[in-house]
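Q: predicted structure and sequence below. I'll ask about it afterward.
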Amino acid sequence: MLSIRSALTIWLLAPFCLVQAAAVARGTPASSAPTPPAAAALLPKVRAITGFVRLDPARYVEQVDAALAVLHDAQKEFQSRGYEVETLRIVTQPLAELVQGQTESQALAFLEKLDALSAHDGFMPDIGPAMLRDEDDPRTMRLLARALSMLTHLNGNAILADEEGIHWRVVHESAALVRYLAEHSAHSQGNFNFTATAMLKPYGPFFPGTYYTGDADALAIGYESANIVQAVFSRTHGDFAASVTALTEALTLHAKVAEEVGIRVAAAQGWIRLPRRSVMCPSAQRWRPTPALSSARAGR
């Protein structure tokens, strides 16, 4: 049994809205009885079951296998409750940390192996930000550019701004990377596997902008919920207040299902759940410690 720490985050993505919830602090695992998500049995797709794993290039195959066992466990739980699961994903530590101590040729060789492993084992890999701040080495961005120009499964990103301000050097390097991929990847499609983000919190399930810098062995679940939104709006007929209430209730049902699945998977794997995370609600301009509506962020 593994002895590792896990954060569980649930995201529901739909036009103009995002609901985030997280597992509560350590407690009794949820009941094994499946929870019907809605009376009408209208289910969103599980767009992404995403694991955050700190890889060691010397034993990355073993680590990926262990992570996929957890992701497949979660996938089976969702499928047993009637949900369609579209993708399994693994996010590594930021690229500079992942290839630390390697020459550029060694790093590219390792990334090629990781890319091939993802294709063989059926998961989407993201190698995190090449630059998180202006002080980071820009050579990592150039390594990412070369990797994304040749390898079609890897994803990566860069962080243009955070609470401390705009990272102008990262902006410049991101523009150079985008141009490089336009000129050097097949049909310029390498750019589909890169994004530059600003003010994006870590541990989101959606690619290519997701990342983390803290604890690994974390799990995020992302729903594709446009059908839920459409069903709610068809009933509320333009009543804004009724739409907010009904949409919050509908999405919260599925957030609770994802929470139950995550708790069960964590308990089965001997994981420790971290406390609930807060969510920013722009309409209220304050932090809420409960699931809340927020602006949707671009991702896939």
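A: That came through, no problem.
Q: please make it C-alpha for all contacts and neighbour counts, starting now.
A: Will do.
Q: which of the residues in the helix or strand containing residue 251 are buried?
A: Using DSSP states H and E, residue 251 sits in helix 240-269. Using 16 or more other C-alpha atoms under 10 Å as the burial criterion, the residues of helix 240-269 that qualify are 243-244, 246-248, 250-252, 254-267, 269.
Q: next: stretch 51-58.
A: 51, 52, 53, 54, 55, 57.
Q: go on, stretch 208-221?
A: 208, 209, 210, 211, 212, 213, 216, 217, 218, 219, 220, 221.
Q: these in strands, which ones?
A: Within the buried residues of stretch 208-221, residues falling in strands by DSSP state E are 218, 219, 220, 221.
Q: about what we covered before: just the buried residues of stretch 51-58 now: which is nearest residue 78?
A: residue 51 (15.6 Å; C-alpha to C-alpha).
Q: distance-wise, check the closest one relative to residue 210.
A: 11 Å (C-alpha to C-alpha, to the nearest Å).
Q: between the two, what contacts are shared?
A: residue 91 (C-alpha atoms under 8 Å, 6 or more residues apart in numbering).
Q: nearest to residue 225 among the buried residues of stretch 51-58?
A: residue 51 (20.5 Å).
Q: would you mark the buried spots in the helix or strand that contains the closest one?
A: Using DSSP H and E, residue 51 sits within strand 45-52. Going by neighbour count (16+ other C-alpha under 10 Å), the buried part of strand 45-52 is 45, 46, 47, 48, 49, 50, 51, 52.
Q: need those residues in a markdown table (columns: pLDDT and distance to residue 156).
A: Shown next, in a markdown table, are these (pLDDT from 0 to 100; distance: C-alpha to C-alpha, whole Å):
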| residue | pLDDT | distance to residue 156 |
| --- | --- | --- |
| 45 | 95 | 24 |
| 46 | 96 | 22 |
| 47 | 95 | 19 |
| 48 | 95 | 16 |
| 49 | 94 | 18 |
| 50 | 94 | 15 |
| 51 | 92 | 15 |
| 52 | 93 | 14 |
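Q: pick out whichever of these sits closest to residue 140.
A: residue 52 (20.4 Å).
Q: who does that closest one bridge with?
A: residue 91, residue 218 (DSSP bridges).
Q: related to what we said a few turns ago, quick check, nearest of the ones in strands among the buried residues of stretch 208-221 to residue 70?
A: residue 219 (9.0 Å).
Q: need the contact list for the spatially most central residue of the chain.
A: Computing the C-alpha centroid of the chain and ranking residues by C-alpha atoms, centre = their mean puts residue 205 first, at 1.7 Å. Residue 205 sits next to 11, 48, 49, 50, 220, 221, 222 when contact means C-alpha under 8 Å, 6+ apart.
Q: mind picking the lowest-pLDDT entry from the buried residues of stretch 208-221?
A: Checking pLDDT across the buried residues of stretch 208-221, the minimum falls on residue 216 at 78.
Q: surely that residue and residue 50 touch.
A: No: between residue 216 and residue 50 there is no contact under C-alpha atoms under 8 Å: 11.7 Å.
Q: ok so, going back, and the furthest pair within the buried residues of stretch 51-58?
A: Between all members of these, the farthest pair (by C-alpha to C-alpha) comes out as 51 and 57, at 17.3 Å.
Q: buried residues, stretch 111-126. List them.
A: Of the residues in stretch 111-126, those buried (16+ other C-alpha under 10 Å) are 111, 112, 113, 114, 115, 116, 117, 118, 123, 124, 125, 126.
Q: from these, pick the one nearest residue 134.
A: Nearest to residue 134 among the buried residues of stretch 111-126, with distances taken as C-alpha to C-alpha, is residue 126, at 21.1 Å.
Q: double-check that that closest one belongs to a strand.
A: Yes: judged by DSSP: H, G, I helix; E, B strand; the rest coil, residue 126 forms part of a strand.
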